[in-house]
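Participant: here is my input, please return the structure:
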Amino acid sequence: AAGQRKRNEALRDIAVGSGLQGGAKAQFESWKSSGGKWPGSYTSMSPGAIRAAQEYFLRFGKPSAAPRRADPNQMTMEELQQRQAAGEFDKEPAELSIKPGDFPDAVKPGEGKPVKLDVAVPVGGKPMAKPTKAAGRTQLVDAGLAWLAARQAGNGGFTQTLSGPNGAVVQTALAGLAWIAGGSTQQKGPYKDHVARAVTFVTANVGKRPSMGGGEGMRGGSNWNQTNWGVAHAAIFLGELHAHEPTPELKRALLDLGTSLVERQEQSGGWAHGPGGPNALGYVELNILTGLALCGMGLARQAGCKIAQPALDLADAYLKQSSNGDGGVGYSHKPGQRGQGNIGRSAGCWLGYMTLGLGKTGWGQKMKKWTARNAGAVQGGHASLMQHILLAGVGAHAIGGKAKKAYWAACERDLTLARAPDGSFQPRPWRETLSMGSNSDVSFGEVWTTAAWTVVLACEPEKKGRPGLPYWMGQKRVEAAK
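Facilitator: Numbers count the residues shown, from 1 in each chain. As a prediction, the model looks like this:
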């Protein structure tokens, strides 16, 4: 309890910019109330205000512009975050007591006229009794694909949320993978135009970094570069698409992306959020990103990108150092972070080995067995629950059998609760949102969660149906010309 109170106090201090005074406090308050815009040039802002904004952004995401309230008793999102961080909603609610006369305007029995309301409620029917099987699964996939298509912007991307254009590249790449898995490419399928626009957006924006107020780069002496996420997801999306429908343009993009991922590898052998050394929290490598980078490199390699063997050897040694030897991949190779396997990291790295043609190596086999044994352990992740649901889901379907059954035994309930009547999949709360008072998936947004769930549901190839994502799953390989 004492530890929780301390965490709540720390979150409250971050939310209100505790310790700031005078002009610095006014600048920070202006930054929050305007939705992340500084009242003047960035270089003229107080270092204290900038540090406070960085801490706020890291914990709560980009602030929403505070609307003017007609009702002074209505909480803004900012006030809700502050009260939640202070532990106000952890208290037991008082007993509700309603007395006669409390609602003088209420309609009394026998008075008033009945009103008929017709409310259209989507009905799933009998197939939705088994949402991960056959017709039920198809309904969910079709609805998810249509929902994503309806929200794609004219430039091919999606509305920016966390990390600005870099985050938009990640969301667009995942939506593109969902459309591919459902049977569309740039030349065929019901979403061919959407796939083509997604390719245009991703290739035009991958690697871009926003200025302060939206996300990342070097600010206040801290490294906020997180572009490795966009580069890795772009390579996976374009690589899968090129394997289904090769074009010279896709190949050129993949050669660049694959080369970039090799260049972005750290000296340790792993990958960070982005280049530039330790990030704002003081660390470098994280293996959820290492797995995605390996997947991107593998699919780029299948398109003809030359991946130097020393880079692969370095990554192999690094992953072994991050584990305790059983095939589970820890957070990184650092003391206190290695040796603790996690399904999102392990499944992602194993999929990377499969795309690189290393699945039959000793370490590739160990990661596969660990992933199969722990396919349902998605709640043991960190930061983004959806990231672990996504990578564990693709990995479990790649392995099949007991691994797939274990995955859905753990995730079907969350799938059902996440699904909204409009066809989207909404963020889910989990243990970390309760302890930290924030939810990364809420910050990333519903395009992220909808695309990720739809990818999981559609990734498995069907004999007479969806093509799935067999190249990312390692079930098929394109042998590049020598």
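Participant: quick one: pLDDT of the residue nearest the centre of the chain?
Facilitator: Nearest residue to the geometric centre of the chain (CA atoms, centre = their mean): Q387, 5.0 Å. With respect to pLDDT, Q387 has a value of 95.
Participant: shouldn't it be in contact with G393?
Facilitator: No. With contact defined as CB atoms under 8 Å, Q387 does not reach G393; the gap is 10.7 Å. (C-beta placed from N, C-alpha, C; glycine too.)
Participant: my guess is A129 contacts G136. True?
Facilitator: Yes. At 7.1 Å, A129 counts as touching G136 under the criterion of CB under 8 Å.
Participant: please identify the helix or strand for the residue nearest to the centre of the chain.
Facilitator: Using DSSP states H and E, Q387 maps to helix 385-399.
Participant: which elements pack onto that helix?
Facilitator: With contacts defined as 3 or more CB pairs under 8 Å, 6 or more residues apart in numbering; DSSP states H and E, the packing partners of helix 385-399 are helix 287-302, helix 343-355, helix 362-373, helix 401-418, helix 440-444, helix 446-458.
Participant: okay, the angle between it and helix 401-418?
Facilitator: 150 degrees (axes from the mean of the first three to the mean of the last three CA atoms, to 10 degrees).
Participant: what angle separates helix 385-399 from helix 362-373?
Facilitator: Going by the same axes, to 10 degrees, helix 385-399 makes 110 degrees with helix 362-373.
Participant: just the angle for helix 385-399 relative to helix 446-458, thanks.
Facilitator: Using the same axes, to 10 degrees, helix 385-399 lies at 20 degrees relative to helix 446-458.
Participant: between A129 and G136, who's got more neighbours?
Facilitator: Of the pair A129 and G136, G136 is the one with more neighbours under other CB atoms under 10 Å, namely 18 against 9.
Participant: does that one count as helix, strand or coil?
Facilitator: helix (DSSP: H, G, I helix; E, B strand; the rest coil).
Participant: from memory it sits against D142, does it?
Facilitator: No. Contact criterion CB under 8 Å: G136 and D142 do not qualify, at 11.0 Å.
Participant: now the helix or strand where G230 lies: buried residues?
Facilitator: Assigned by DSSP H and E, G230 falls within helix 227-244. Within helix 227-244, the residues scored as buried using 16 or more other CB atoms under 10 Å are 227-244.
Participant: ditto for stretch 384-399
Facilitator: For stretch 384-399, by 16+ other CB under 10 Å, it's 384-399.
Participant: repeat that for stretch 34-49.
Facilitator: Per 16+ other CB under 10 Å, stretch 34-49 contains these buried residues: 36, 38, 45-46, 48-49.
Participant: kindly reformat the residues you listed as a markdown table containing pLDDT, secondary structure and distance to E263.
Facilitator: Below are the buried residues of stretch 34-49 laid out as a markdown table (pLDDT from 0 to 100; DSSP: H, G, I helix; E, B strand; the rest coil; distance: CB to CB, whole Å):
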| residue | pLDDT | secondary structure | distance to E263 |
| --- | --- | --- | --- |
| G36 | 79 | coil | 31 |
| W38 | 80 | coil | 33 |
| M45 | 72 | coil | 33 |
| S46 | 77 | coil | 36 |
| G48 | 74 | helix | 36 |
| A49 | 78 | helix | 35 |
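Participant: now, the most widely separated pair of the residues you listed?
Facilitator: G36 and G48 (17.3 Å; CB to CB).
Participant: who touches the spatially closest residue to N324 that is not a sequence neighbour in this structure?
Facilitator: With sequence-adjacent residues excluded and distances taken as CB to CB, 6 or more residues apart in numbering, N324 is closest to G339, at 3.9 Å. By CB atoms under 8 Å, 6 or more residues apart in numbering, G339 lies in contact with 322-324, 330.
Participant: please list only the buried members of those.
Facilitator: 322-323, 330.
Participant: would you mind giving the residues you listed as a markdown table with distance to A168 added?
Facilitator: Formatted as a markdown table, those follow (distance: CB to CB, whole Å):
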| residue | distance to A168 |
| --- | --- |
| S322 | 30 |
| S323 | 34 |
| G330 | 30 |
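Participant: would you list the residues you listed in TSV and tack on pLDDT?
Facilitator: Formatted as TSV, the buried ones among the contacts of G339 follow (pLDDT from 0 to 100):
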residue	pLDDT
S322	96
S323	96
G330	94
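Participant: just the ones of those residues in helices?
Facilitator: S322 (DSSP state H).
Participant: from the buried ones among the contacts of G339, pick the one nearest K32.
Facilitator: The nearest one, if we look at the buried ones among the contacts of G339 relative to K32 and count by CB to CB, is G330, at 36.2 Å.
Participant: verify the stated contact: the closest one with G341.
Facilitator: Yes. If you go by CB under 8 Å, G330 and G341 touch, sitting 6.5 Å apart.
Participant: how many residues are close by the residue nearest to L289 when sequence neighbours are not counted?
Facilitator: Excluding the flanking residues, the one nearest L289 by CB to CB, 6+ apart is W271, at 4.8 Å. The tally of other residues near W271 (other CB under 10 Å) stands at 31.
Participant: you'd agree W271 is up against S260?
Facilitator: No. In this structure W271 lies outside contact range of S260 using CB under 8 Å: 11.4 Å.
Participant: shaky segments in this structure?
Facilitator: 1-11, 42-43, 47, 58-59, 61, 64-111, 121-123, 210-221, 435-436, 480-482 (pLDDT under 70).
Participant: and A134, how many residues sit next to it?
Facilitator: 11.
Participant: ok, now P131?
Facilitator: That count, for P131 with other CB under 10 Å as the rule, works out to 18.
Participant: so it versus E462, what's the distance?
Facilitator: 16 Å (CB to CB, to the nearest Å).
Participant: then Q186?
Facilitator: Taking CB to CB, one finds Q186 at 21 Å from E462.
Participant: Y471 now?
Facilitator: For Y471 relative to E462 (CB to CB), the value is 16 Å.
Participant: counting neighbours, go ahead and name the busier of these two.
Facilitator: Remark: of Y471 and E462, Y471 carries more neighbours, 24 against 13, as counted by other CB under 10 Å.
Participant: got the phi/psi numbers for the residue nearest to L289?
Facilitator: phi -130, psi 150 (degrees, to the nearest 10).
Participant: quick one: contacts for it?
Facilitator: 228, 232, 261, 264-265, 285-286, 289-290, 292-293.
Participant: please apply the same query to A317.
Facilitator: G269.
Participant: helix, strand or coil for it?
Facilitator: Applying three-state DSSP: A317 is helix.
Participant: against A311, how distant is it?
Facilitator: 11 Å.
Participant: got it, and K208?
Facilitator: In terms of CB to CB, K208 sits 25 Å off from A311.
Participant: is it true that G167 touches T161?
Facilitator: Yes. Proximity of G167 to T161 meets the contact threshold set by CB under 8 Å, at 5.7 Å.
Participant: sorry, back to before: just name the closest of the buried ones among the contacts of G339 to W363, please.
Facilitator: Among these, and counting by CB to CB, the member closest to W363 is S323, at 8.7 Å.
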